[in-house]
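>>> the following block contains a protein sequence and its predicted model.
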Amino acid sequence: GAVVSQHPSWVICKSGTSVKIECRSLDFQATTMFWYRQFPKQSLMLMATSNEGSKATYEQGVEKDKFLINHASLTLSTLTVTSAHPEDSSFYICSVGGGISYEQYFGPGTRLTVT
Amino acid sequence: AQTVTQSQPEMSVQEAETVTLSCTYDTSESNYYLFWYKQPPSRQMILVIRQEAYKQQNATENRFSVNFQKAAKSFSLKISDSQLGDTAMYFCAFMKPGGGATNKLIFGTGTLLAVQP
């Protein structure tokens, strides 16, 4: 399957600042990437679908102005959390689609802590 | 809208024994895909097994197999010869293919499996 990396793996930022998370597909050209959020002991919640060269598709209830997604190339998508607040603290995971049976391959995740 | 239900929040099994995790889903679609993913303590999501709805034969991957009952909308995962490394959260997921943003996974709430030595 596809190999997906995320950077950073853990970030701490102050309330009111912005933080960028990168998701890279290392061996697969991904026209579509997905961004998820996961709270402790809970399931993954899809935030948005990142489309290469076009605007992201956000799930209902997700603030597009707060969670900016850019998919500028077939191997890189970024998620920027703007004006972060403590309630944005969470585990953010990206994935790449395109398996032979539509399976997705996931990055290792990024733990965001907002103080 | 499609939904996925995992009714067992936690399960425990002895090493080398067999355990079955339950999953049911609701959809009006006829063509779709089902997956089981595991998330160990490292939190890396790992694909365990996949099943295409149009295939009647149950998928098998080494010690992992599924019981896919399309009419009953049931998709259980059987783990044989359980190993300590199988300890993880297991998520059942549904996907209706359609390209791009429609290829999104719908996850169940997960089952936390503990393999006891």
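Alright, I've got the coordinates. Here the structure is a predicted model, which means the values were calculated and not measured.
>>> which bits of chain A sit near chain B?
Residues of chain A lying near chain B by C-beta under 8 Å from any C-beta of the partner chain: A:1, A:31-32, A:34, A:38, A:41-44, A:46, A:49, A:51, A:57, A:91, A:93, A:95, A:97, A:99, A:101-106, A:108-109. For every residue, glycine as well, the C-beta is placed using N, CA and C.
>>> apply 10 Å and report the result again.
A:1, A:4, A:31-32, A:34, A:36, A:38, A:41-46, A:48-52, A:54, A:56-59, A:91, A:93, A:95, A:97-109, A:111 (C-beta under 10 Å from any C-beta of the partner chain).
>>> now the buried members of those.
By neighbour count, with 16 or more other C-beta atoms under 10 Å in any protein chain shown, the residues of chain A next to chain B hold A:4, A:31-32, A:34, A:36, A:38, A:43-46, A:48-52, A:56-58, A:91, A:93, A:95, A:97-99, A:102-107, A:109 as buried.
>>> of these, which belong to strands?
Of these, the ones assigned to strands by DSSP state E are A:4, A:32, A:34, A:36, A:38, A:44-46, A:48-51, A:57-58, A:91, A:93, A:95, A:105-106.
>>> tell me the spacing between the residue positioned nearest the centre of chain A and chain B.
Nearest residue to the geometric centre of chain A (C-alpha atoms, centre = their mean): A:Trp35, 3.6 Å. For A:Trp35, the distance to chain B equals 11 Å [C-beta to the nearest C-beta, to the nearest Å].
>>> isn't that residue right next to A:Thr49, touching?
Yes: between A:Trp35 and A:Thr49 there is a contact under C-beta atoms under 10 Å: 7.8 Å.
>>> joint contacts of these two?
Applying C-beta atoms under 10 Å, 6 or more residues apart in numbering or on different chains, one finds that A:Trp35 and A:Thr49 are jointly contacted by A:56, A:58-59, A:69, A:77.
>>> just give me the closest of those residues to B:Ser65.
Distance to B:Ser65 across the shared contacts of A:Trp35 and A:Thr49 (C-beta to C-beta) is lowest for A:Glu59, with 32.5 Å.
>>> let's see the pLDDT reported for that closest one.
Per-residue confidence (pLDDT) for A:Glu59: 94.
>>> now do B:Gly99
pLDDT recorded at B:Gly99 is 62.
>>> where do the strands sit along chain B?
B:3-5, B:10-14, B:19-21, B:24-26, B:33-39, B:46-52, B:60-61, B:64-69, B:74-79, B:88-95, B:106-107, B:111-116.
>>> what is the fourth one packed up against?
Just to be clear, that refers to strand B:24-26. On a contact count with 3 or more C-beta pairs under 10 Å, 6 or more residues apart in numbering or on different chains; DSSP states H and E, strand B:24-26 meets strand B:3-5, strand B:74-79, strand B:88-95.
>>> and that strand, how far out from the chain's middle?
On the basis of C-alpha atoms, centre = their mean, to the nearest Å, strand B:24-26 sits 12 Å off its chain's mean C-alpha point.
>>> from memory A:Ile69 sits against A:Met33, does it?
Yes: with contact defined as C-beta under 10 Å, A:Ile69 and A:Met33 form a contacting pair (8.7 Å).
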